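>>> For reference, the sequence and a predicted model appear below.
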Amino acid sequence: MRFLVVEDTADVAETIVARFSTAGHVCDHAGSAADARHFAELARYDVVILDINLPDGPGTAFLRWLRERGIGTPVLVLTARLALDDKIATLDEGADDYMVKPFDLGELEARVRAVVRRHRGEDTRVLEAGNLSFDMASRATTIAGEPCELTRREQILLEIFLVNRGRVLEKEELLTRIFGMDTETSANAVELYVGRLRRKIAGSDLTIRTLRGLGYQAMLAADPRAAR
């Protein structure tokens, strides 16, 4: 998944980014509401982790900005505020969950997974496509019950395709979702990783189509479009 971490306290932000990056996710970091708006205008995120106290205004203002523009990305709020009224107000602004600082990183990861499942209308942490399964928590992939070893970026790419199955994904979007905003990586790297992933999941029911001039589309091999 791709995260936007909006947090002005450097050590807290670094800890969160390191934890989710190690778990196989891509994270962009914004230290202010203005930076967060800039990132949100440029990229599509799976989750926003949002601090309430930002140097240029309350995080709720950024949350309101997202919702007013119809951006439904799940938002998990972090704050030092303990009052119930603060929690209620934040949820009413459109937050999907709320954690009070200090917090446990393990619980944060679990809360994020729960928020994503609710947002996707799923009741499991496992994404499936026929005989292929991907566990979002353990990052483990199996094909017909057998382990399929993937690198961190191959895991990210597979997760993107599973979550967006049937949707055409442009190469540029995949580039930023795999490598993040701070990259000078060539778009040709996407072709490289798609090729590697295809070879590793060749025995699965998931197929990845190349739509020349448009991008890539993942679907079940049994789908009539997959043979086109």
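Here it is on my side, so go on. Numbers count the residues shown, from 1 in each chain.

>>> Which segments of the chain make up each domain?
2-120, 126-227 (automatic domain parsing).

>>> For those domains, give me JSON lines that also has mean neighbour count.
In short, each C-beta sits where N, CA and C put it, glycine included. As requested, the domains of the chain are exported to JSON lines (neighbours: other CB atoms under 10 Å):
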{"stretch": "domain 2-120", "mean neighbour count": "17"}
{"stretch": "domain 126-227", "mean neighbour count": "16"}
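
>>> what would those look like in a markdown table with mean pLDDT?
Output for the domains of the chain, formatted as a markdown table (pLDDT from 0 to 100):
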| stretch | mean pLDDT |
| --- | --- |
| domain 2-120 | 89 |
| domain 126-227 | 88 |
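
>>> Export stretch 78-93 to PDB, keeping only CA atoms.
Extracted C-alpha coordinates of stretch 78-93, given in PDB (Å, rounded to 0.1, in the frame of the first residue of the first chain):
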ATOM      1  CA  LEU A  78      -3.000  10.700  15.600                       C
ATOM      2  CA  THR A  79      -3.300  13.200  18.400                       C
ATOM      3  CA  ALA A  80      -2.300  14.000  22.000                       C
ATOM      4  CA  ARG A  81      -5.800  15.200  22.700                       C
ATOM      5  CA  LEU A  82      -7.700  13.000  25.200                       C
ATOM      6  CA  ALA A  83     -11.100  14.700  25.400                       C
ATOM      7  CA  LEU A  84     -14.000  12.700  24.100                       C
ATOM      8  CA  ASP A  85     -15.400  15.900  22.400                       C
ATOM      9  CA  ASP A  86     -12.200  16.100  20.300                       C
ATOM     10  CA  LYS A  87     -12.500  12.500  19.200                       C
ATOM     11  CA  ILE A  88     -16.200  12.900  18.200                       C
ATOM     12  CA  ALA A  89     -15.400  16.200  16.300                       C
ATOM     13  CA  THR A  90     -12.500  14.500  14.400                       C
ATOM     14  CA  LEU A  91     -14.600  11.500  13.400                       C
ATOM     15  CA  ASP A  92     -17.400  13.800  12.400                       C
ATOM     16  CA  GLU A  93     -15.000  15.700  10.100                       C
END
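
>>> Might you quantify the distance of it from its chain's geometric centre?
Relative to the centre of its chain, stretch 78-93 is centred 24 Å away, using CA atoms, centre = their mean, to the nearest Å.
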